[in-house]
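> Provided below for reference: sequence and predicted model.
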Amino acid sequence: MKNIIFTLFLGLFTVPLFAQDIDKMGEGTDPVAENNKIIQQLDDVVELTDPQKLDVTDILSVSQEEMRSIKDKYQPTITSMKAELKEVREKYGEVNETNRADVKSEIEAIKSKYNPNLNKMKSEIQTLRRFTKEEIGKVLTPAQREQLREARLSKRQQWKNKIKDRQDKRKQKIDRPRR
């Protein structure tokens with residue numbers, strides 16, 4: 001089973017959150033190792049002092065526990081949604097041209113049924129991430145916060161460039177004349 005490691009949003013470090021993977025959150029991962037990885041990444045950017053590392057470790061530990069409680073709170077919803085999606089897959093088997101519309105409409109109905117709860121969960125997780133980011137920012141010096149902000153902007157620009165490159169490649173494929 002694919003293990004998903006959810007790291008916390010620290011401005012520079014983002015990991016997308018996919019509803020279908022939420023129930024795997026924390027599964028097969030070592031929280032201490034996760035925290036150490038995040039602290040190392042942060043230390044590479046802003047050179048944390050030892051007391052700062054301890055403070056950040058405490059913040060991350062609390063945040064991980066809160067993340068697990070959010071996961072536990074919404075687990076019944078996620079389990080029900082996955083069961084219904086599995087029934088659709090079993091009902092239709094392989095998706096082909098004749099049943100594509102039926103499969104799509106059933107999946108959309110299931111998604112719309114569960115979206116309000118999933119949106120609440122995502123909102124809670126985003127709030128937790130924002131709070132964690134703010135708490136870590138309080139531990140950093142003004143110079144370190146500025147370094148982190150600059151690194152975040154640089155990373156954001158790299159992602160924008162990467163997306164633009166992908167879009168340009170797709171456009172080139174579409175614009176290419178067929179032989």
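Received the coordinates, thanks. The structure presented is a predicted model; accordingly, all values stated were derived computationally and were not measured.
> C-alpha only now, for contacts and for neighbours.
OK.
> hey, which helix or strand in this structure has the poorest pLDDT?
Within the chain, confidence by mean pLDDT, DSSP states H and E is lowest for helix 31-46 among all helices and strands, at a mean of 86.
> Tell me the buried residues in that one?
By 16 or more other Cα atoms under 10 Å, the buried positions in helix 31-46 come out as Pro31, Glu34, Asn35, Asn36, Ile38, Ile39, Leu42, Val45, Val46.
> Nearest to Thr77, out of those residues: which one, please.
Taking Cα to Cα as the measure, Thr77 sits nearest to Pro31 out of the buried residues of helix 31-46, at 24.8 Å.
> what sits against that closest one?
Ser61, Gln64 (Cα atoms under 8 Å, 6 or more residues apart in numbering).
> Look up how far Arg89 lies from it.
Separation of Pro31 from Arg89 (Cα to Cα, to the nearest Å): 34 Å.
> Next: Ile163.
For Ile163, the distance to Arg89 - Cα to Cα - is 32 Å.
> One more: Asp58?
Asp58 is 43 Å from Arg89, by Cα to Cα.
> which residue ranges form the helices in this structure?
31-46, 50-92, 100-139, 142-175 (DSSP state H).
> which one of those has the lowest average pLDDT?
Ranked by mean pLDDT, the helices of the chain bottom out at helix 31-46, with a mean of 86.
> now the angle between helix 50-92 and that one, please.
If you take axes from the mean of the first three to the mean of the last three Cα atoms, to 10 degrees, helix 31-46 sits at 120 degrees to helix 50-92.
> could you check the angle helix 142-175 makes with helix 31-46?
100 degrees.
> what about dumping the CA coordinates of helix 31-46 to CSV?
What follows is helix 31-46, C-alpha atoms only, in CSV (Å, rounded to 0.1, in the frame of the first residue of the first chain):
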residue,chain,number,x,y,z
PRO,A,31,6.0,11.2,13.3
VAL,A,32,9.5,11.8,14.7
ALA,A,33,11.1,11.2,11.3
GLU,A,34,8.5,13.5,9.6
ASN,A,35,9.2,16.2,12.1
ASN,A,36,12.9,15.9,11.7
LYS,A,37,12.5,16.1,7.9
ILE,A,38,10.5,19.3,8.2
ILE,A,39,12.9,20.8,10.7
GLN,A,40,15.9,19.9,8.4
GLN,A,41,14.2,21.6,5.5
LEU,A,42,13.4,24.7,7.5
ASP,A,43,16.9,24.7,8.9
ASP,A,44,18.4,24.5,5.4
VAL,A,45,16.6,27.7,4.6
VAL,A,46,16.8,29.8,7.8
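> so how far is that helix from its chain's centroid?
Computed by Cα atoms, centre = their mean, to the nearest Å, the separation of helix 31-46 from the middle of its chain amounts to 17 Å.
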